[in-house]
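Asker: Dropping a prediction and its sequence here:
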Amino acid sequence: MPRNAAAALRRYTARMPAHSDTPIEELPPTLGRLRDAWRARKPDRTQRGDDLARLRAALRSRLDEMAAAIAADFGHRSVHESLVADGLTVLSEIDHLRANLRRWAKPRRVGAGWRLWPARAEVRMEPVGVVGVISPWNYPVNLALIPLATAIAAGNHVYLKPSELTPRTAEFLRALLAEVFPPGRVAVALGGSDTGAAFAALPFDHLVFTGSTAVGRKVMAAAAANLTPLTLELGGKSPAIVCADFPLEQAAARLATGKWFNGGQTCIAPDYVLVDAARRDALVEALRREVRARYAGDGAASDYTRIINSAHAARLQGYLDDAARRGLTTVALAELDGDRLLAPTVVLDPPDDAALMQEEIFGPILPVLGYATLDEAIAFVAARDRPLALYPFSRDRRCVERILDGVLAGGVTVNDTLLHFGANALPFGGIGASGMGAYHGRAGFDAMSKALPILWQRRLAASDLLKPPYARIDRIVRWLVR
Ligand code: NAD
């Protein structure tokens, strides 16, 4: 680890952040302050570009500190995984926003239609006002700053509430944002579920919530009182389907990355794998080889991420205990030992009612289920909630298309895992229980803007004739309604 990174880590592990929770009564006046400042001076395109550039530079210069804060919150988290998942993702999204901002923000001329001739029509992408962002702990910088940067690109002010389970990272974000933005443009509220509930009840102009489906339901109910438009980025069980033609070694390598990156604490991690039954055990062996190669020796100490807290570690252990009670075959793919450290583990063919098939796993346990036919595998997935992500593995385009035809998911990576999240031009979001709406790139810019339709009438207009007594214009009306 570089020396400055080690020093930053010592700083974060040595002390808890000095902040305390934001008093709930401070939330409405802070929103009022953000809204007043926005009304007084809506950020123009130059301002937005400058804001994004300063945010990028500030994050770029504090990446080591960021990784240290996250590692301290997790107990341990791979610095490299933090740099990729919380650094690179945000920097590349900001680059994408900056490169496209002018084009997306430009008013668009559209045809008014010959019936309204000679009027002109245009669509303007107007900022909506103040966007609220509620973010989770698993990628605590990425999932806070990408929505925030998108809202800024669209010309809004932002009120952010990061997760209480990553308090050092929340403090890092608070300090970073206070350095980059004036207090009337971006504010941060710190606190747990009570703060979150009060926050979701504020009359935002748009609210982006990233978190669990259960809390997402509460957020939607709270937002309903104000008719606050929502983007809900939720969770669920994202399947991988390995077709019989796909090479197992490559499937295992890519599944291992998707599943054991961040200790499996990834919303779009493959939650379970369906593989042709004849190759089930061979897949498990290939996964074991992958895990050994990745985390052998000291590898686990630096590169394998811990479970976020003891409650989540106990929840995951509960899945394994339930599997053991049922007599299911459980295979630990490596011998790893430590506090809140759960080895990559496979559970073979769990039945539907096993605890780990009932809930999103969100940890390093991977159910591997054998299927007899591809249609059976597709039907298995289609009978459940629509997943946030879907991973078909096949070199045969027809097999992939059959899967895509049978299952509608939030997003798809074919023959790999996770990577659709990183393609800035692809809208990212769930469907059904895995969420609603989308962000990243233009999808986020549009979601946090009002597409304002404007019809410009001319001095002389044919529509002036459209008035009673209608008998006089009967022929014209019949000509229009043809
Ligand atoms: P969570 O739902 O417990 O918490 C998310 C945020 O909501 C936190 O900031 C929390 O303080 C806040 N909160 C808690 N109660 C609230 C309430 N009543 N009203 C408003 N806010 C409230 O989720 P988590 O444990 O932090 O994150 C894990 C979950 O998030 C998983 O289900 C995962 O799949 C999902 N997730 C989804 C995405 C995505 O992009 N779709 C990304 C990451 C995580």
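Answerer: It's in.

Asker: Name the residues of the protein found near the ligand, please.
Answerer: Within the chain, the residues that sit near the ligand (C-beta under 6 Å from any ligand atom) are 134-138, 143, 161, 163-164, 192-193, 196-197, 200, 210-212, 215, 218-219, 233-235, 267, 360, 362, 388, 430, 435. From N, CA and C alone the C-beta is placed, and that goes for glycine too.

Asker: So how do I select the buried members of those in PyMOL?
Answerer: Here is the PyMOL command that selects the buried residues among the residues of the chain next to the ligand (16 or more other C-beta atoms under 10 Å):
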select buried, resi 134+135+136+137+138+143+161+163+164+196+200+210+211+212+215+218+219+233+234+235+267+360+362+388+430+435
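
Asker: domains of this structure?
Answerer: The record's domain parsing of the chain by automatic domain parsing lists 3-234+436-451, 239-426.

Asker: and the shortest one, what's its mean pLDDT?
Answerer: Spelled out, it's domain 239-426. Domain 239-426 carries an average pLDDT of 96.

Asker: Quick one: end-to-end distance for it.
Answerer: Criterion C-alpha to C-alpha, to the nearest Å; first-to-last residue distance in domain 239-426 is 20 Å.

Asker: Centre of the chain to that domain, how far?
Answerer: 19 Å (C-alpha atoms, centre = their mean, to the nearest Å).

Asker: Wait, a strand at Leu97?
Answerer: No: using DSSP: H, G, I helix; E, B strand; the rest coil, the assignment for Leu97 is helix, not a strand.

Asker: what's the neighbour count on the nearest residue to it once chain neighbours are set aside?
Answerer: Among residues not flanking Leu97 along the chain, Ala153 sits closest, at 4.2 Å (C-beta to C-beta, 6 or more residues apart in numbering). Using other C-beta atoms under 10 Å, Ala153 is surrounded by 29 other residues.

Asker: I'd say Ala153 and Ala99 touch.
Answerer: No: counting by C-beta atoms under 8 Å, Ala153 does not reach Ala99; the two are 10.7 Å apart.

Asker: residues in contact with the closest residue to Leu341 other than its chain neighbours?
Answerer: Among residues not flanking Leu341 along the chain, Arg306 sits closest, at 5.6 Å (C-beta to C-beta, 6+ apart). Neighbouring residues of Arg306 by C-beta atoms under 8 Å, 6 or more residues apart in numbering: 74-77, 263, 338-341.

Asker: ChimeraX command to pick out the buried ones of those residues?
Answerer: Here is the ChimeraX selection string for the buried members of these, based on 16+ other C-beta under 10 Å:
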select :74,75,76,77,263,340,341
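
Asker: Quick one: the contacts of Arg306 as a markdown table, columns for secondary structure and distance to Ala447 too.
Answerer: As requested, those are exported to a markdown table (DSSP: H, G, I helix; E, B strand; the rest coil; distance: C-beta to C-beta, whole Å):
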| residue | secondary structure | distance to Ala447 |
| --- | --- | --- |
| Phe74 | helix | 30 |
| Gly75 | coil | 35 |
| His76 | coil | 35 |
| Arg77 | coil | 30 |
| Gly263 | helix | 30 |
| Gly338 | coil | 41 |
| Asp339 | coil | 40 |
| Arg340 | coil | 36 |
| Leu341 | coil | 38 |
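
Asker: Pick the one among the contacts of Arg306 closest to Leu55.
Answerer: Comparing these against Leu55 with C-beta to C-beta places Arg77 closest, at 22.5 Å.

Asker: Just the helices from the stretch 1-150 of the chain, written as ranges.
Answerer: All helices of the stretch 1-150 of the chain, identified by DSSP state H, counting those that start in this stretch, fall at 3-14, 27-40, 45-61, 63-74, 79-82, 89-105, 142-153.

Asker: most packed of the ones you listed?
Answerer: Most buried of these by mean neighbour count (mean count of other C-beta atoms under 10 Å) is helix 142-153; its value is a mean of 28.

Asker: thinking again about what came up before, looking at the residue nearest to Leu97 now. What's its pLDDT?
Answerer: 98.

Asker: How about the contacts made by it?
Answerer: With the criterion set at C-beta under 8 Å, 6+ apart, Ala153 makes contact with 48, 52, 97-98, 101, 104, 445.

Asker: Could you report the distance from Glu25 to the ligand?
Answerer: 17 Å (C-beta to the nearest ligand atom, to the nearest Å).

Asker: okay, now that residue: neighbour count?
Answerer: 8.

Asker: returning to that earlier point: out of the helices of the stretch 1-150 of the chain, flag the one nearest Tyr272.
Answerer: Among the helices of the stretch 1-150 of the chain, helix 79-82 sits nearest to Tyr272 (C-beta to C-beta), with 22.1 Å.

Asker: So which elements touch that closest one?
Answerer: helix 63-74, helix 299-303 (3 or more C-beta pairs under 8 Å, 6 or more residues apart in numbering; DSSP states H and E).

Asker: Mind checking the pLDDT average for it?
Answerer: pLDDT averaged over helix 79-82 gives 97.

Asker: Please work out which residues outside it touch it.
Answerer: Under C-beta under 8 Å, 6+ apart, the answer for helix 79-82 is 1, 5, 66-67, 70-71, 141, 261-262, 302-303, 305.

Asker: Surely Ile361 touches His312?
Answerer: No: Ile361 lies out of contact with His312 (C-beta under 8 Å); the separation is 10.8 Å.

Asker: wait, what's in contact with Tyr159?
Answerer: 30-31, 34, 130-133, 186-189, 199, 202, 204.

Asker: Who does it form a beta bridge with?
Answerer: In this entry, Tyr159 is beta-bridged to Gly132, Ala187, by DSSP bridges.

Asker: dump the residue contacts of Phe246.
Answerer: 393-395, 415.

Asker: Show me how to select, in PyMOL, the buried members of these.
Answerer: Filtering the contacts of Phe246 down to the buried ones (16+ other C-beta under 10 Å) takes a single PyMOL command:
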select buried, resi 393+394+415
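
Asker: now, the most widely separated pair of the contacts of Phe246?
Answerer: Phe393 and Arg395 (8.7 Å).

Asker: hmm, back to that, between the helices of the stretch 1-150 of the chain, which one is nearest to Ala277?
Answerer: helix 79-82 (33.2 Å).

Asker: any idea which helix or strand carries the closest residue to the ligand within the stretch 51-200 of the chain?
Answerer: Nearest residue of the stretch 51-200 of the chain to the ligand: Gly196, at 2.5 Å (C-beta to the nearest ligand atom). Gly196 belongs to helix 193-200 when assigned by DSSP states H and E.

Asker: Which strands and helices lie in contact with the helix or strand following that helix?
Answerer: Reading on from helix 193-200 to the C-terminus, the next helix or strand found by DSSP H and E is strand 206-210. Counting contacts by 3+ C-beta pairs under 8 Å, 6+ apart, strand 206-210 packs against strand 130-134, helix 142-153, helix 213-226, strand 230-233.

Asker: Closest to Arg472 out of the contacts of helix 79-82?
Answerer: For the contacts of helix 79-82, the nearest to Arg472 is Val141 (67.4 Å; C-beta to C-beta).

Asker: residues in contact with the residue nearest to the closest one when sequence neighbours are not counted?
Answerer: Closest residue to Val141 apart from its sequence neighbours, by C-beta to C-beta, 6+ apart: Asp86 at 3.9 Å. Asp86 is in contact with 66-67, 70, 139-142, counting by C-beta under 8 Å, 6+ apart.

Asker: What about Ala392? Give its phi and psi, please.
Answerer: Check again: residue 392 is Pro, not Ala. Backbone torsions of Pro392, given as degrees, to the nearest 10, read phi -80, psi 140.
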